[in-house]
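*Asks:* Got a predicted model here, sequence first, then my questions.
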Amino acid sequence: MTLAQNPTTPSRTPAAQDYSFAIPPGDVWTDTHIDLYPGDRVHVTGAVINCAGPTPTEKLHLPLASAPGGALLAKLHAEAEPVLASPDAEFPIIDRSHLYLGVNGWRCPGKIPAKVHVEHRATEARKP
């Protein structure tokens, strides 16, 4: 007996991937070059680095005024609002996205070491 393969059978789910970054505070946003698709899940971890300030006036000009100065931030679209990613954040991806990381401050020494773990799901949107 021969069984025909169903053409709608989902292909194998791509493996999870891990990335490491050193995010400088002087850049507004660091492009991770990670494209994300519906069904993916992203986990970001990073520390808070010591920043001078911010003063109450400077806090108004931070990318995310509600987060501590020197915290790692993440966003899923170039024009999206940032989300606090220190100590960690998890994002279920519901539409095509692209991961950006940044520092909540500008007068911070050093860089924030950041780790990104992406669990890929096979979806129609990922197919070539």
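*Replies:* Great, that's in hand. Given the structure is predicted, the values throughout are model-derived calculations rather than measurements. Residues are numbered from 1 along each chain as shown.

*Asks:* okay, CA-based contacts and neighbour counts for the rest of this
*Replies:* Will do.

*Asks:* what about residue 80, distance to residue 121?
*Replies:* Distance, residue 80 to residue 121, by CA to CA, to the nearest Å: 23 Å.

*Asks:* Neighbour count for those two, which is higher?
*Replies:* Each of residue 80 and residue 121 has its neighbours counted (other CA atoms under 10 Å); residue 121 has more, 20 against 10.

*Asks:* quick one: secondary structure of that one?
*Replies:* What DSSP: H, G, I helix; E, B strand; the rest coil gives for residue 121 is coil.

*Asks:* Do I have it right that it meets residue 40?
*Replies:* Yes. Contact criterion CA atoms under 8 Å: residue 121 and residue 40 qualify, at 5.2 Å.

*Asks:* since we're on residue 94, how many residues are nearby?
*Replies:* Residue 94 has 12 neighbouring residues, counting by other CA under 10 Å.
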